[in-house]
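Asker: how would this look folded up:
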Amino acid sequence: MPILGKFEVQVFVDGTRAEEFDDDEEGVVLPGRRQETTKYIEAVSGAFFEFKFFAEANYKFLYDHAISFDVFVDGEHIIGTYMQDEEFRGATVAGRRVDGSCSGRYSMDSTGSKLYKFQFADLETSSEPANAAYDAF
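Answerer: Numbers count the residues shown, from 1 in each chain. From the prediction side, this is the model:
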């Protein structure tokens, strides 16, 4: 589970928490991205997946800040949300942490808003070198 200070994200695949793997290149700090962490999970052909995120209720905000959670799948920004100080104050009084989840992307169709759940594509494995498929074209 990526944990950054008082914030945590978990990924579930078909309802089971996914095993996470470290990013070998995470030591590289890019400008403006000092407070990010990256983890990888194994893709399971055809399986549905979702993200759950948590923030400690006792997190202390400075001034009028908010916390932003953004989901990227294969490098594409899928969805983002944010939590403001008021949400944390209410959670602290109730003695619980602030949480949320994201299981897909909403889109409008003729019947209204529809949830398109995150789902892994059907995967194919090959014993060919990675550049063999490229060379075929």
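
Asker: Apart from its chain neighbours, what residue comes closest to E8?
Answerer: Nearest non-adjacent residue to E8, counting by C-beta to C-beta, 6 or more residues apart in numbering: F54, 4.7 Å away. (Glycine included, C-beta is placed from N, CA and C.)

Asker: How many neighbouring residues does the one you found have?
Answerer: 18 (other C-beta atoms under 10 Å).

Asker: The strand or helix carrying it packs against which elements?
Answerer: Per DSSP states H and E: F54 is located in strand 49-55. Contacts defined by 3 or more C-beta pairs under 8 Å, 6 or more residues apart in numbering; DSSP states H and E place strand 49-55 against strand 7-13, strand 66-73, strand 98-102.

Asker: any idea which of these is most buried?
Answerer: Counting by mean count of other C-beta atoms under 10 Å, strand 7-13 has the highest mean neighbour count of those, with a mean of 18.

Asker: Neighbouring strands of that one in the sheet, and parallel or not?
Answerer: Its sheet considered, strand 7-13 pairs with strand 3-4 (antiparallel), strand 16-17 (antiparallel), strand 49-55 (antiparallel) by DSSP bridges.

Asker: tell me the mean pLDDT over the last one?
Answerer: Across strand 49-55, the average pLDDT comes to 84.

Asker: List the buried residues for that strand?
Answerer: 49-55 (16 or more other C-beta atoms under 10 Å).

Asker: Can you redo the residues you listed as TSV, where the extra columns are distance to D24?
Answerer: Listed next are the buried residues of strand 49-55 as TSV, based on distance: C-beta to C-beta, whole Å:
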residue	distance to D24
F49	22
E50	26
F51	22
K52	25
F53	24
F54	26
A55	27
